[in-house]
Structure formats: C-alpha cells, structure tokens
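# Next comes the sequence, and after it the predicted model I'd like to discuss.
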Amino acid sequence: RSGHADRVIRTELALARPVACDPDRIGQLLSNLLGNALSHGDPQGAVSVRATSGDAGFTLSVANSGAPIADSARTELFKPFSRLKPGMVREGLGLGLYIASQIAIAHGGRIDVVSDDAETRFTFRMPTG
C-alpha cells in the first residue's frame, strides 16, 4: 500500500457469521489480490474490497477498473510465474495469484475472476459450515 498511498480503497463488510480459517493465510490472500488490483488496475481508479459471510459461506472480492483481462489469459493467471505479458518488468515473481489460489484450495474454496470493460473482479469463496 505504501507505493499507492493516494489510491482510494472502498470496503464493504457484512460478516453475519464467524469464519473458521487461518487468518494469516486469508490476510495473505487478500494482500495478494489487493496488490494486483493496485498494480495492474487503472492508477486513477478506486479499488473495492467486499467481504460477506453467512449460510452460503464466506466471500471476499477485490475489484478494480482498467483494461480487461483477455479470456485466453485467465486460464494462465493462477499458474506459478504467470505474467500476462511475458518479459514485462514488474515487481514480484508472478507468484501472487498462484499463492492466493493455493490458500483458497487449502480452505476448501476457490478463486474466480471476471473481467470486462467495466471492471476486473477476483472473488474468493469458501464454505463456513
């Protein structure tokens, strides 16, 4: 976040039910998704973080505006050392989404991504019961 101190991050939390999880790992998952949104989204756009829990489970999503991710690239996003544009010089190793997906799997959940001209949204879902 220190590299993006001027960015707006909107949060919406509706945690109606406790979530049994490894809080450090879920924090790491959120940090990875948030870092990607700040690094790859529109630098002038806000980032939205939403978390809900209830009978249907726990959901955590991070969304940003910016150029959409091509359908063909989405299947590669969660692979280790994955980069949307090979050879790009950026911070990191291309492991953030892979690590986040492994944390999701370890919690019995998954991460989905939807991306269009309006926004890119990564959503983590896991059962609560």
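Looks like it came in fine.

# okay, CA-based contacts and neighbour counts for the rest of this
OK.

# Check which residues of the helix or strand encompassing residue 13 are buried.
Using DSSP states H and E, residue 13 falls within strand 9-15. In terms of neighbour count (16 or more other CA atoms under 10 Å), strand 9-15 has its buried residues at residue 9.

# Same check on stretch 111-124?
Here stretch 111-124 shows 111, 113, 115, 119, 120, 121, 122, 123, 124 as buried, counting by 16+ other CA under 10 Å.

# Once you drop chain neighbours, what's closest to the residue nearest the centre of the chain?
In the chain, the centroid-proximal residue (CA atoms, centre = their mean) is residue 33; its distance is 2.9 Å. Excluding the flanking residues, the one nearest residue 33 by CA to CA, 6 or more residues apart in numbering is residue 62, at 6.4 Å.

# what sits opposite that neighbour in the beta ladder?
Note on residue 62: beta-bridge partners by DSSP bridges are residue 49, residue 122.

# What distance do you get for it to residue 26?
13 Å (CA to CA, to the nearest Å).

# Of the two, which one has the most company?
residue 62 (24 against 17; other CA atoms under 10 Å).

# gap between the more buried one and residue 35?
10 Å.

# For this protein, which segments count as strands?
9-15, 47-54, 57-64, 110-115, 120-126 (DSSP state E).

# Relative to residue 76, which of these is closest?
Taking CA to CA, strand 110-115 is the member of those nearest to residue 76, at 11.6 Å.
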